[in-house]
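*Asks:* Just need the structure, nothing else, for what follows:
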Amino acid sequence: MKVRIDKGALITPLYRAQGVIDRKASTNVLACVHMVAADGSLTFTATDYDVTMTADVSAEVIEPGAALVNGRALFDVVRALPDGVDVLMTCDDSHRIRIEAGRAYYHLNGLAPEEFPDVVEEGSGKRLHLDKEEVSGMLKRTLFSVSGDESRPALNGVLLEIEPASPTQALIRMVSTDGHRLSRVERTVEASDYDGSSYRCIVHRRGAAELQRIFEGSDLGVIIEFLGRNVVFSSDHARLQVRQIEESFPEYQRVIPDQGDVSVVLGKTALVNAIRRVSSLASGKHNLLRMDLETGRISLEMVHADFGDAHEELEVPEYEGQTVSVGFNPRYLVDVCQVLDTDSVTLEMSDQFSPCLIQAEDEPGSTFVVMPMRL
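*Replies:* Numbering: from 1, shown residues only. You can find the predicted model right below:
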């Protein structure tokens, strides 16, 4: 293999591969990126078996061929090169890769390309074309509440549901939960090539997170394809194949409460800043935020057994409900506020033991639930 390619074109697929390659892999193959040069393009593939990224860029192919090399090492070398230079990459029969740029050259030890696993799902499945910003915004509002507990695999991803809304529109729903909080986002979007079928799958959290890398490209749309046991996202000359989690997602509808007896509208920025100030004493197990709602105000308080306590109040002129004292993990409230593009948020609950429903008037399709903590 021998190719010449601009550094700017080369760095993009290598950057996208960084979140996919397994740096802790027991085998060197999963820490590598596979490259194939043919027909005027250079195709990159990286995988950890759960997620597979494929991307192609235009290149001057002097000699077609393939190479397999550590993805992190190659990325570090290319990133250090001056901007605007042409990079000449050559792979010899011993799988050693030579990288030349101007008067500089580097050598990286590679592996036999045939050692790379055959993980790219071939064929054609049901697909639909969606607006990239819509999908990216929905992921932003759900990824933060995905569980990292490997003993509960059904919660290790984002539930993706697609239902027909009209002949040219689809209802897209994403849901995630870690058992302490839940996020549900619904959007009705234009999907001209949608066949009206309903789909339901759990997208592994690693794949959902890596989607943000390919969404940084210039393409305005994303193609979602259901192919076997995988869901494939394609945008900006990149293809992300994500393994579906073959588990039953919890019946999340039961967790979302109806409108509570207590409802209060708060300025988002004022609430976040107040929580952060009183949370300055939070550490380890001392993460209980006490919230007292009473006529005309809301009080926030945190106590640290060793350091002291913090107290702050916010005015709520429109609140005239009953007095309620409830406990929360402060980070959970801040996380919700940070993903909402709105000036105010509405908190609803029935009592100190009931789930707290968080919504925003400007985002009718976004619903969040935070479970209370015992005071």
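
*Asks:* is it true that residue 336 touches residue 370?
*Replies:* Yes - the criterion here is C-beta atoms under 8 Å, and residue 336 meets it with residue 370 at 7.0 Å. Every C-beta, even on glycine, is put in place using the N, C-alpha and C of the backbone.

*Asks:* So which of the two has more stuff around it?
*Replies:* Residue environment comparison for residue 336 versus residue 370 gives the larger neighbour count to residue 336, 26 against 23, counting by other C-beta atoms under 10 Å.

*Asks:* Assign that one to helix, strand or coil.
*Replies:* Secondary structure of residue 336, reduced to three states by DSSP: H, G, I helix; E, B strand; the rest coil: helix.

*Asks:* quick one on the thing from earlier: which residues are in contact with both of residue 336 and residue 370?
*Replies:* Here residue 336 and residue 370 have 181, 358 as joint contacts, going by C-beta atoms under 8 Å, 6 or more residues apart in numbering.

*Asks:* Please, where are all the helices along the stretch 101-250 of the chain?
*Replies:* Counting by DSSP state H, counting those that start in this stretch, the stretch 101-250 of the chain has helices at residues 132-140, 205-214.

*Asks:* pLDDT (mean, whole number) over the last one?
*Replies:* Per-residue pLDDT values over helix 205-214 give a mean of 87.

*Asks:* Also the first one?
*Replies:* Throughout helix 132-140, pLDDT has a mean value of 93.

*Asks:* Need the residues that contact it.
*Replies:* 158, 172, 174, 185, 187, 189, 208, 211-212, 215, 219-222, 224, 235, 339.

*Asks:* Send me it as PDB with only the CA atoms.
*Replies:* Below are the C-alpha coordinates for helix 132-140, written out as PDB (Å, rounded to 0.1, in the frame of the first residue of the first chain):
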ATOM      1  CA  LYS A 132     -28.800  15.500  11.900                       C
ATOM      2  CA  GLU A 133     -29.500  18.300  14.300                       C
ATOM      3  CA  GLU A 134     -32.700  16.700  15.500                       C
ATOM      4  CA  VAL A 135     -31.000  13.400  16.200                       C
ATOM      5  CA  SER A 136     -28.000  15.100  17.800                       C
ATOM      6  CA  GLY A 137     -30.300  17.100  20.100                       C
ATOM      7  CA  MET A 138     -32.200  14.100  21.200                       C
ATOM      8  CA  LEU A 139     -29.000  12.200  22.100                       C
ATOM      9  CA  LYS A 140     -27.800  15.200  24.100                       C
END
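
*Asks:* quick one: buried residues of it?
*Replies:* Applying a neighbour-count criterion of 16 or more other C-beta atoms under 10 Å, the buried positions in helix 132-140 are 132, 134-135, 137-139.

*Asks:* tell me the domain boundaries of the chain?
*Replies:* 2-115, 126-252, 256-370 (automatic domain parsing).

*Asks:* give me the beta-bridge partners of the closest residue to residue 199 other than its chain neighbours?
*Replies:* Taking C-beta to C-beta, 6 or more residues apart in numbering as the measure, residue 199 lies nearest to residue 162, with 4.3 Å between them; neighbours along the chain are not counted. The partner list for residue 162 in beta bridges (DSSP bridges) reads residue 172, residue 199.
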